[in-house]
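Visitor: mind looking at a prediction? Sequence and model below.
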Amino acid sequence: EQPEQAPEQSDEQSNYIQWVERTEKNLTLSATPIDVADELRATLFAGAEHCLFTSATLRTDGGNGEFGYFRQRLGIPEGTKAYSFPSPFDYQKRSLLYVPGDHFPEPTDSEYRNALHLEISRLITCSKGRALVLFTSFRALELAWHSLQDELPYPLLRQGASSRSQLLDRFAEKTDSVLFAVASFWEGVDVPGESLSLVIIDKLPFEVPSDPVIMARMERIKAAGGNPFMEFQIPRAILTLRQGVGRLMRRTNDRGVMAILDVRLFSKFYGRRFRASLPEAPVSRAVQDVEEFFNGDRSSRSQDIRE
């Protein structure tokens, strides 16, 4: 007996990815558009006389004012005006970007986890607490937490132990505290002043391609002859990374260090794209410079981040 053929999908249906999620109490059927550009053109741009999009993280191509990924994803019409303005923060004089030297293992290396935990401990010791440590997964957070909770002499706060608002209140009140977090804490965290003087990011925030929506969007790009890694994964990771490092400078008198513990910023061909999209802070690959920064000395080993 011949198997029954599936009914043909309409163009509208084929633009949606559908999946089922099952928990202990619920069964959820979800549908998400693979490409929102056409829907926005039909429902928003066609009926609105003016649209204004504004954010500190719309660009993925450095300081040259390019908004290619943002335009393409939202279907913004050609010829639409776009402006890019310089940051009001003096990153050159009030911040430092730290990336470990070439001796540091890449995230796929078996030695990476131990090296990561040791480096986090060193950096937090330099800043005397006052750190937000952002991870790309809950597993990475848990492993670091259990490794460091008895080693660091500072109040350690962990996402999941309390509500988001309670954690942020305690983090702001306890000046020397350290907050371990993932996901939503990469954006929307506004803790000005001394309490947040160091932002540590474990690695470049590439999304796990097992997510059904991410997989569908990557397959759509591949089917059209594109490169999903270059056209989709890298731009999205850049935007997330910019959100993360943006937690540091919240007022013009803030100062501190952004530490990204992923040598792929320099060892991989795509690292230049990430570096070009970060704040124009001096960059160092020597942890001694971080110590000197917090001791009030300016490092002589720092260099332009765009090199």
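Guide: That came through, no problem.

Visitor: grab the longest helix from this protein for me.
Guide: As assigned by DSSP state H, the longest helix anywhere in the chain is helix 112-127.

Visitor: outside of that one itself, list whatever touches it.
Guide: Here helix 112-127 makes contact (CB atoms under 8 Å, 6 or more residues apart in numbering) with 98, 100, 104-106, 131, 133, 143-144, 147-148, 151-152, 154, 178, 197-198, 200, 202, 256-257, 259, 261, 287, 290-291, 293-294. C-beta coordinates here come from the backbone N, C-alpha and C atoms, glycine included.

Visitor: just the CA coordinates of it, formatted as PDB?
Guide: Backbone C-alpha positions of helix 112-127 (Å, rounded to 0.1, in the frame of the first residue of the first chain) are rendered in PDB as follows:
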ATOM      1  CA  TYR A 112      39.500  25.000  28.400                       C
ATOM      2  CA  ARG A 113      37.200  24.500  31.400                       C
ATOM      3  CA  ASN A 114      40.000  24.400  34.000                       C
ATOM      4  CA  ALA A 115      41.700  27.400  32.300                       C
ATOM      5  CA  LEU A 116      38.500  29.300  32.200                       C
ATOM      6  CA  HIS A 117      37.800  28.800  35.900                       C
ATOM      7  CA  LEU A 118      41.400  29.800  36.800                       C
ATOM      8  CA  GLU A 119      41.200  32.900  34.600                       C
ATOM      9  CA  ILE A 120      37.800  34.000  36.100                       C
ATOM     10  CA  SER A 121      39.300  33.600  39.600                       C
ATOM     11  CA  ARG A 122      42.400  35.700  38.700                       C
ATOM     12  CA  LEU A 123      40.300  38.500  37.100                       C
ATOM     13  CA  ILE A 124      37.800  38.700  40.100                       C
ATOM     14  CA  THR A 125      40.800  38.900  42.400                       C
ATOM     15  CA  CYS A 126      42.100  41.800  40.400                       C
ATOM     16  CA  SER A 127      38.800  43.700  40.600                       C
END
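
Visitor: flag every buried residue along the helix or strand where His146 lies.
Guide: Assessed by DSSP states H and E, His146 sits inside helix 138-148. By neighbour count with 16 or more other CB atoms under 10 Å, helix 138-148 contains the buried residues Ala140, Leu141, Ala144, Trp145, Ser147, Leu148.

Visitor: next up, the contacts around the fifth one.
Guide: I take that to be Ser147. Contact analysis of Ser147 by CB under 8 Å, 6+ apart lists His117.
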